[in-house]
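J.: Sequence and predicted model, in that order:
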Amino acid sequence: MTYRGEMTEPLGARIRRLRTGRGWTQRELAEPGYDRGFLAKVETGSRPPSEEMLAYLAQRLGLTVDELRFGRPPGIAEELRAALDEGYRDLEQGRIAAAEERFASVGKQAAGYHLDDIECYARFCQAEVKWQLFDVSGAQEALEHAEELAGAAPPWLRAMIVHRWSGCRFQRGDAGTAIARLEAELAAGPADPDAELCLLTALIHPLVEMGGLHRARRAAEAGRRLARAATRPDFVARFHRQASQVWQATGHADRADEDLTEACRLFASAGFDRDAARCRWARGYLLRHLGRLDEARAELTAARDQLAAIGADEGFAGATLELAEVRLRQGAAAEAASLVSAVRDLLSRDVESLGEATSLLGQVAQAQGDPETATRLLREAFEIQTTASLHGAAVSTALRLGDALRHRGHLDEAIEAYRRGLESAAGAE
């Protein structure tokens, strides 16, 4: 993709080109502020123009100073920004290669035009490609590259970079750092409602998974108030999707379903297919916890297929894992094990998913009459979850491990497993 403009043209040559393009002589451009001879030296590059002269020439040529200085065609910033927005929709709809090419092209041109805010946005979009492909390390590195230019970025973009960066840290098992970064940004006072809503949204999931339900609920309640003033529908939609997790965890299933329905509507209206499919995944999770297993299976199957079709590896792996949980509860242990095995490599990139998958395989082994394997896998899952401070999941795994040990007659080990589960519960808040 090529945009207007010549980014390597010397300033003097650019002034000459713009002048002759208008049919003006050097005298006509220079006077009355400057003489023709001085302009001639500027055009040949033998004398640099002062800031005052540059402003004068820009005004005479009908340009801004930076348009003249950097060779920016009028309107190029809006054109490049619109190209990134279009590329982001490509990414959401599964056209990953086209999106990645667009992001790289716009980023290069923005750098040439010294448009730091747009280059930052392009770098963020490149990180989103890594995120969608479940390359957590690559996404974090790209986000840190984007953050080098965050000082020029609008508040919503700075917040979204922190949002994703914290998500990467959480997926790599560093929930404490993820939460600390988000809370520090919030304490600093985000510049607008969109930015604050974005940061609160990012805070909810790690708090819930660490067992901090009271803090997560405060974040959700604050986010609900902010959503009324926010201007970005995608940010409001992400908030509703995450808030549903709080209401489900606190026993408000109807409220959770309302939030998911609204999130899906907003994402669909924006053409964000990836995020709309993730809402279906979240709704399948809700339905499983409500015991509506047939409905959960249908919703999760649809979500998994949609996420696979658009190349969203992280969502595909998560929806498949959740579908495996449903099939296990429906008595199809072998199918559950097969589903997990099919995405095991993807799940290993995310500590939370790896712990959940390992626990699920332990439950499968128990259902298939292999208590020794079940015990080993449940121990492994518990260690993964406690190391990552995933207290809520660790408590559930400890209970399963204790029960498995008790049924095998290992009472002392069962008591120890229950004790460690209680310690995880105590560490939740």
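T.: Received the coordinates, thanks. Numbers count the residues shown, from 1 in each chain.

J.: ok, and the closest non-adjacent residue to the residue nearest the centre of the chain?
T.: Central residue of the chain (CA atoms, centre = their mean): residue 164, 4.0 Å from the mean position. Using CB to CB, 6 or more residues apart in numbering and skipping residues adjacent in sequence, the residue nearest residue 164 is residue 143, 5.5 Å away. In this view, the C-beta of every residue, glycine as well, is placed from N, C-alpha and C.

J.: ditto for residue 366
T.: Using CB to CB, 6+ apart, the nearest residue to residue 366 is residue 374, at 3.8 Å.

J.: helices and strands around the helix or strand hosting that neighbour, which ones?
T.: Counting by DSSP states H and E, the secondary-structure element that holds residue 374 is helix 371-387. Contact analysis of helix 371-387 by 3 or more CB pairs under 8 Å, 6 or more residues apart in numbering; DSSP states H and E lists helix 351-367, helix 391-407, helix 411-426 as its packing neighbours.

J.: mind running it again at 6 Å?
T.: Using 3 or more CB pairs under 6 Å, 6 or more residues apart in numbering; DSSP states H and E as the contact criterion, the secondary-structure elements in contact with helix 371-387 are helix 351-367, helix 391-407.

J.: The first one packs against which elements?
T.: Where contact means 3+ CB pairs under 6 Å, 6+ apart, helix 351-367 is packed against helix 333-342, helix 344-347, helix 371-387.

J.: so how far is it from its chain's centroid?
T.: Centroid separation for helix 351-367 versus its chain: 26 Å, with CA atoms, centre = their mean, to the nearest Å.

J.: Buried residues of the helix holding residue 374, list them for me.
T.: 374, 375, 377, 378, 379, 380, 381, 382, 384, 385, 386 (16 or more other CB atoms under 10 Å).

J.: I figured the last one was touching residue 394, is that so?
T.: Yes. Assessed by CB atoms under 6 Å, residue 386 is found in contact with residue 394 at 4.9 Å.

J.: re earlier: got the contact list for the residue nearest to residue 164?
T.: Applying CB atoms under 6 Å, 6 or more residues apart in numbering, we find residue 143 in contact with 127, 161, 164, 165.

J.: again, only using 8 Å
T.: For residue 143, the residues meeting the contact criterion (CB atoms under 8 Å, 6 or more residues apart in numbering) are 124, 127, 161, 164, 165, 168.

J.: Where does it sit: helix, strand or coil?
T.: The three-state label for residue 143, taken from DSSP: H, G, I helix; E, B strand; the rest coil, comes out as helix.

J.: likewise residue 173?
T.: Classification of residue 173 into helix, strand or coil gives coil, according to three-state DSSP.

J.: quick one on the thing from earlier: quick one: the residue nearest to the centre of the chain from residue 388, how far?
T.: For residue 164, the distance to residue 388 (CB to CB, to the nearest Å) stands at 19 Å.
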